[in-house]
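1. let me see the structure of the following:
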Amino acid sequence: MPPGELVVWRGSESHHLRDVVMPLSPVVYDPADREIFLTPRFLCSFLGFWMKTQSPQQAATIAFLRLAKTRVICMMENFDIGPLNRDGLRWSRVFRHHLPNVQLLKIQHGLELRRLPHPTSHYGTLAVWGQYSADWYPSFGRDESSFVVVGSLKDSRYRTLRRETPLAGLDAICIVSTVKSDEWWGPARTVRRLGYDALMEYVAKFATDEGQAIAVALTIDRDDNCDSGESDLERNYFTSRLGQDVFFPDVSKRLGGLAEERNDDEGQGSNADRFSTYALTDSCKLTIGAASSVLWEAFGRGNRILAVNLTDDDSLDFGLPGPWFLKQPSFEQFSARCRELMAMTDEEYRDLSEKARQYLMYFNPEDLPEARIQQLVRSMLGNSLEGGMF
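-> Residues are numbered from 1 along each chain as shown. A predicted model of the protein is given here:
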């Protein structure tokens, strides 16, 4: 068995995280591979866990982690999904039950974090974007034992990419798309969809009244799912509501085509790594949307945003009160707030939002998320070594 004291869970799909911990010599592991080692110890362990779990995938994974002497598992939070969705069981619960001495570190990926109404036990650490998450997520039904503020890893990588890259400014308002699944095709069936449809009606009327251009920060490109046809469905959702002149970024180009191309821009990998969505929110004069991670991150970078919840569902609130959030406003209130935000000077908005931005989205160029995550993993490896294993 190869040694695997530090495992990056599904690291081939989490290359930002994998790159951060690479100096610590991690092993990349994907449970979907169901890798079997033809050694007596592995086969014996595998068969024993198969009898206990009735799942060959779980058995192969647990056997590998045990025999590799894994001490820390590091994963993006969105990959803590159940093995083959068996009874909704998440991998973190498998680890907690079968490998209680292994430490688990999850990195916040977005806002759609899995929650439990009444968690009966707690396990692992969640590295979150800001102190807001550390303060409030425990009360939301999270089952981690601790919460540590590191900032947004993906946002930090974007800031590094565009540090010396001027973006083309757009005289437009930016709409953050949350359109990315069959919830959004056809008639509205969910409260979230109904609220978002109503918001698009507000946006269309405001743009017409003010002669305002509209740009849309797409969602499907973040999933690199453009070949499925959903990319066209997403664009059609907005053009049917906001008109044919809506601007969409070119997701095949670095920073969505809003920056000058360079010779080293070819072969950048997935559309997500081109950061078209982030660049568009930075280029427009106001970003509007419902609750979303892109809206949080745009706010954290100092952009003027307006988060709007046109439903009774409090979980779709922005979280921080201020001129950047409206709950069930009338169109007149929405329109007035948009004009108010766009009329502010940069200094006025910066002074007004600075404390809230740092509370929601920690960022310090002298103390980047990459460094915080790496130090956290080093600390966990040291603690595991001191405490012993199995």
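2. for the stretch 1-150 of the chain, give me the ranges with low pLDDT.
-> Filtered on pLDDT under 70, the stretch 1-150 of the chain yields the residue ranges 1-2, 83-88, 112-118.
3. which residues in it form strands?
-> 6-9, 27-29, 72-76, 103-107, 125-128, 146-149 (DSSP state E, counting those that start in this stretch).
4. what does stretch 127-146 contact?
-> Where contact means Cβ atoms under 8 Å, 6 or more residues apart in numbering, the residues beyond stretch 127-146 that reach it are 92, 105-108, 113, 115-119, 121-126, 147-152, 296, 300, 319-320, 358-362, 372-373, 376. Where C-beta positions appear, they are placed from N, C-alpha and C, glycine not excepted.
5. quick one: the strands of the stretch 1-150 of the chain as CSV, columns for distance to Arg337 and mean neighbour count too.
-> Supplementary listing: these in CSV, determined by distance: least, Cβ to Cβ, whole Å; neighbours: other Cβ atoms under 10 Å:
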stretch, distance to Arg337, mean neighbour count
strand 6-9, 42, 25
strand 27-29, 46, 18
strand 72-76, 34, 24
strand 103-107, 34, 24
strand 125-128, 28, 24
strand 146-149, 30, 16
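6. any idea how many residues pack against Arg163?
-> 8 (other Cβ atoms under 10 Å).
7. quick check: it vs Arg189, distance?
-> Distance, Arg163 to Arg189, using Cβ to Cβ, to the nearest Å: 43 Å.
8. again with Trp129
-> Where Arg189 is concerned, Trp129 sits at a distance of 30 Å (Cβ to Cβ).
9. distance to Arg41 added to the strands of the stretch 1-150 of the chain, as CSV?
-> Written out in CSV, the entries for the strands of the stretch 1-150 of the chain read as follows (distance: least, Cβ to Cβ, whole Å):
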stretch, distance to Arg41
strand 6-9, 18
strand 27-29, 17
strand 72-76, 21
strand 103-107, 23
strand 125-128, 30
strand 146-149, 33
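10. so which of those strands comes closest to Phe247?
-> The closest of the strands of the stretch 1-150 of the chain to Phe247 is strand 72-76. By Cβ to Cβ, the value is 30.5 Å.
11. what pairs with that closest one, parallel or antiparallel?
-> strand 6-9 (parallel), strand 103-107 (parallel) (DSSP bridges).
12. in JSON lines: the ones you listed, plus distance to Leu17.
-> Output for those, formatted as JSON lines (distance: least, Cβ to Cβ, whole Å):
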{"stretch": "strand 6-9", "distance to Leu17": "6"}
{"stretch": "strand 103-107", "distance to Leu17": "6"}
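13. of those strands, which is nearest Arg66?
-> Within the strands paired with strand 72-76, the stretch nearest Arg66 is strand 6-9; the backing value is 11.7 Å (Cβ to Cβ).
14. distance of the residue in the chain sticking out farthest from the centre from Lys285?
-> Among the C-alpha atoms of the chain, the one most distant from their mean position (Cα atoms, centre = their mean) is that of Pro40, at 40.9 Å. Pro40 sits at a distance of 66 Å from Lys285 (criterion: Cβ to Cβ).
15. and what of Thr125?
-> 39 Å.
16. equivalent analysis for Met344, please.
-> Shown here: Met344 relative to Lys285, a distance of 10 Å by Cβ to Cβ.
17. and the residue farthest from the centre of the chain, what does it touch?
-> If you count contacts by Cβ under 8 Å, 6+ apart, Pro40 has none.
18. over to Ala356?
-> Taking Cβ under 8 Å, 6+ apart as the definition of contact, the neighbours of Ala356 are Phe299, Leu320, Gly322, Trp324.
19. would TSV of these with secondary structure be doable?
-> Written out in TSV, the entries for the contacts of Ala356 read as follows (DSSP: H, G, I helix; E, B strand; the rest coil):
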residue	secondary structure
Phe299	helix
Leu320	coil
Gly322	coil
Trp324	coil
